[in-house]
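K.L.:
sequence and computational prediction follow.
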Amino acid sequence: MTNIENARSLPAPDPAGTGNSTSILDRRKFLSIASLSSAALALTPKLAEATTSFAATDPQSAQPAYAAFHSLAPGEIKPEGWLQLYLQKQARELAIHLPDVSWPFTVAYWAGEENRPDPQLASGVWWPWEQKAYWVDGALRCALVLDDKELLKKSGFALEYTLDHQSADGYLGPIYARDAEAGNPAAGNFRWPHTVFFRALAAYSEALKDERVAAAMRRHYLSDWSRVRYGGPSRDVTNVEAMLWAFQHTGDRQLLSMAEKAWNDFLLAAQPGDRRAGDLTPDRVFANMPIRSHGVTYAEKSKLPAILYMYTGNPEYLRFALAAQDRIFNHHMLVDGMPSTSEEFAGTSALDAHETCDIVDHTWSWGYLLMATGDGIWADRIERACFNAGMGAIKKDWKAIQYFSSPNQVIATQTSNHVPDSDPDTTPWMAFAPNPGHESSCCGGNVHRLFPNYVIRMWMKDAKSGGLAAMLYGASTLSAEVGVNREPIEIRQETGYPFAEDIHFTISASKPVEFPLLMRIPDWCKAPRLALNGKSLAIPTVSKGFIRIERTFHPGDSITLTLPMQATLTYWPDNGMAIEHGPLVYAMAIKETWSPVVTPLWSTAAYPEWDANPASAWNYVFAEPDLKIVSQSDFQRRPMTQDPWVNPPVSITVAMKKIPGWTLKANPNHPEWLQTPPLPDVDQAMAMKLGKVESENIVLVPYGSTHLRLAIFANANPW
């Protein structure tokens, strides 16, 4: 793995203007003091009594002026093709039915039962509100991009209830959480559920142009500042995200001051090795050390300085955010585009896994890095994670998902968990279920945010020119206003991507309109092609992963971007190898025998948990020397199918050999429980035996189209 910024990195900071960059030891002081605005330094608890009127604020001056790109409102981009199909599956299955299937989604958190926790829970518990908020946000966004009024009504109920029940002092949310925090100022994470829920409120406001939301969130934070230690080591600091959204939409600079002070207080409070702090101490971040943290905690906190940079322009914020991401890509990335996070960051072997929440939260965070840096590499990473890790963790009928998923998983049952340090006795961590993890119900709600957020961020506005930028590819239609006169246009994107290489854009407008159009050229694509109305165009210079077309577009103009994909071989621990093709990773799909399991409170007969046992041979290794694996493989592309994740239109045929003795592994504590084994050790003696075994042509398919799979293979010819 290479440094993610390489030639694109910012210069070292020189706050004193001496020409010398600061050392790692100096950065803590610089981050905690020099990066604070004077308003933030002057911030006091008297903010709770503030009465600044909106007339004294200027929302126009509160825009993220230092962002390279600005996001669009939910609903401005409508999915088509397979994106629409899978969002419709999501909407009619788990998105709308989860509140009728499994606790805590069956309870009215955020919508009526706010004065006490569930009777079965101990006092001081905050996480049911987190988990319900995940579902509210994801189901709402799914409804908005599909214009699904039934799902919008069901997911929007909690939002309307919360807005209608704001406390007299301005506090917004569950009374239980407010009182628990007030009674224990040292408590943490009681405001983390607000971060999750307020994202849903923000999407609701942007899509429906509802001005109540920003005003209510502003009142909440002005009221709550003296009550909560937002700058402590807990996830409460993630409210910086919502504070800055409220600042953008109200113009109240007190919110910017709060956000800066919360982040800088967090850095001062964080201690190395403190799991709650996400291992985000500056000394460890700038030293590019492996991460010792919970995956979601790190993802949610490490994005905050990137958002702060967009509003302040302070390069130290962005430097910190990029250094924090460097650690992920240098030490923890798996082949499917996600870091190993189960629950803690781990290694990069074929059996290292990730929690589904991390797929959602890391891709959400990378969207902010994309907006802050203007670098298309972040969109590359979002696509790779969504197409491979994301789709690979979802049952293709959208009735169940996994809590943990892995590049190699040849069995996924209630007792097949191969992730260290997780308890297989109590929780079906790797089985497919409507609410995997049971009381750890975060993934069952959070997964609903994944592809709605993909659609919402497919296009963005170029901050400098006001033009449009094609970020994430897929069949869709964008409705937007462009040009100096804000002319309404539509851009329809027709493509089978990521299964196809051609992406066709058709522009609809009432008259010619001039605006810049940016298109992302993925880092894996070395020879892109471009055509306008059927005639070839020279590819403009690629800058930070984008080409720019500046012209007057006419109604009906058609642009075709072709992104040729090439098969490549990548290397992984334990003599592991994988085949990639464009943004897709290829895997051996193992046939499944599905067995339903119903666990009261967590699943139902209509939406059971599922044990997936292997029903086909899987114990294969590559048969050719590594230089020949890709060159002698056979790539097949067929016409686009109705459901490409069930019936993939692309495949790669590779020569493989079946290896004897490589079988399911017994759990050392429960011999009757079987797990996916590590890669076989193909030593010289084994290689000689395999030399006499006849090769077979094995078809590999996109990773995301599988439930059981091998994506990392050993090689029968390691010498």
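P.N.:
Great, that's in hand.
K.L.:
going by C-alpha atoms from here, please, whenever you check contacts or count neighbours.
P.N.:
OK.
K.L.:
Phe320 contacts Leu304, doesn't it?
P.N.:
No - using CA atoms under 8 Å as the test, Phe320 is too far from Leu304 to be in contact (9.7 Å).
K.L.:
more neighbours, the two?
P.N.:
With neighbours defined as other CA atoms under 10 Å, Phe320 and Leu304 compare such that Leu304 has more, 26 against 22.
K.L.:
return the distance of His554 relative to Ser476.
P.N.:
Between His554 and Ser476 the distance is 20 Å, computed by CA to CA, to the nearest Å.
K.L.:
mind checking how far the closest residue to Gly483 other than its chain neighbours is from Thr552?
P.N.:
Nearest residue to Gly483 in three dimensions, chain neighbours excluded: Phe515, at 5.3 Å (CA to CA, 6 or more residues apart in numbering). Separation of Phe515 from Thr552 (CA to CA) stands at 7 Å.
K.L.:
who's more crowded, these two?
P.N.:
Neighbour count, other CA under 10 Å: between Phe515 and Thr552, Phe515 has more, with 21 against 11.
K.L.:
host element of that one?
P.N.:
For Phe515, the host element (DSSP states H and E) is strand 513-520.
K.L.:
what pairs with the very next helix or strand once past that strand, parallel or antiparallel?
P.N.:
Next along the chain after strand 513-520, taking DSSP H and E as the criterion, comes strand 529-532. In the sheet, strand 529-532 lines up against strand 535-537 (antiparallel), strand 558-562 (antiparallel) (DSSP bridges).
K.L.:
could I get the longest one in CSV with only the CA atoms?
P.N.:
Taking only C-alpha atoms (Å, rounded to 0.1, in the frame of the first residue of the first chain), the coordinates of strand 558-562 have been written out as CSV:
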residue,chain,number,x,y,z
SER,A,558,-24.8,13.4,-25.8
ILE,A,559,-21.4,12.7,-24.1
THR,A,560,-19.9,9.2,-23.9
LEU,A,561,-17.2,8.5,-21.4
THR,A,562,-15.5,5.1,-21.8
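K.L.:
show me what counts as buried in the helix or strand just after that strand.
P.N.:
If you walk from strand 558-562 toward the C-terminus, the next helix or strand you reach (DSSP H and E) is strand 567-572. Buried positions in strand 567-572, judged by neighbour count with 16 or more other CA atoms under 10 Å: 567, 572.
K.L.:
packing partners of strand 567-572?
P.N.:
strand 576-581 (3 or more CA pairs under 8 Å, 6 or more residues apart in numbering; DSSP states H and E).
K.L.:
following the chain onward from the strand it packs on, which element is next?
P.N.:
Following strand 576-581 toward the C-terminus (DSSP H and E): strand 584-590.
K.L.:
give the other helices and strands that the helix or strand just after that following strand contacts.
P.N.:
Counting by DSSP H and E, the next helix or strand C-terminal to strand 584-590 is strand 592-597. Secondary-structure packing of strand 592-597 (3+ CA pairs under 8 Å, 6+ apart): strand 609-614.
K.L.:
tell me the angle the strand it packs on makes with strand 584-590.
P.N.:
Per axes from the mean of the first three to the mean of the last three CA atoms, to 10 degrees, the angle that strand 609-614 makes with strand 584-590 is 80 degrees.
K.L.:
buried set for the next helix or strand after strand 609-614?
P.N.:
Per DSSP H and E, the first helix or strand lying C-terminal to strand 609-614 is strand 620-622. Across strand 620-622, burial judged by 16+ other CA under 10 Å covers 620-622.
K.L.:
elements contacting strand 620-622?
P.N.:
Using 3+ CA pairs under 8 Å, 6+ apart, the elements in contact with strand 620-622 are strand 650-658.
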